[in-house]
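>>> quick one, structure for this:
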Amino acid sequence: MENYYYFDIKLKLRDPTAVALTPSLFRSCVLDALDSFFCEEKPTLEIVKFCAQQHRVIFRVPEQLHDMTRISIELIGHYQQIPCHFEILETSKSSLDFEKSIEKTFAGVSDEL
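Here you go, the predicted structure:
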């Protein structure tokens, strides 16, 4: 059985209204970066969760591609020709869910008040 890593990614765009953020375009952007930086054939990159409003995506890759994927994401500077930054919020060997991480954040804020 193959092991996977999960990535929670937030896309920060200079002009968010100038692009169409879709799962397939996001996936293509990351796959193109892998190809460009490492000349790797297109690996399995499965989108687990997607939220256009938050500009966030959770996807998984095979464990052996963790390092190459992480480096590629950090080097991406454009999304649909718009300057951007892909922020890796979290990586994990177990499944991630950004809705749960938001709940944890708000719970931590209310505990501090």
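>>> got any ranges where the protein has weak pLDDT?
By pLDDT under 70, the low-scoring segments of the chain are 1, 40-42, 98-113.
>>> go ahead and name everything in contact with the one helix or strand residue 32 maps to.
Element membership for residue 32, per DSSP states H and E: helix 23-38. Here helix 23-38 makes contact (CB atoms under 8 Å, 6 or more residues apart in numbering) with 11, 40-43, 45, 47, 50, 57, 59, 65, 68-69, 71-73, 75-76, 79-80. All C-beta spots, glycine's among them, are computed from the backbone N, C-alpha and C.
>>> now do 7 Å
40, 42-43, 45, 47, 50, 57, 68-69, 71-73, 75-76, 79-80 (CB atoms under 7 Å, 6 or more residues apart in numbering).
>>> which of the residues you listed has the most neighbours?
residue 69 (26 neighbours; other CB atoms under 10 Å).
>>> separation between that one and residue 30?
For residue 69, the distance to residue 30 (CB to CB, to the nearest Å) stands at 7 Å.
>>> same check on residue 43?
10 Å.
>>> ok, now residue 93?
19 Å.
>>> same drill for the two, tell me which one is more crowded.
residue 30 (23 against 11).
>>> residues contacting residue 69?
7, 34, 61.
>>> nearest to residue 87, of those residues?
residue 7 (10.7 Å; CB to CB).
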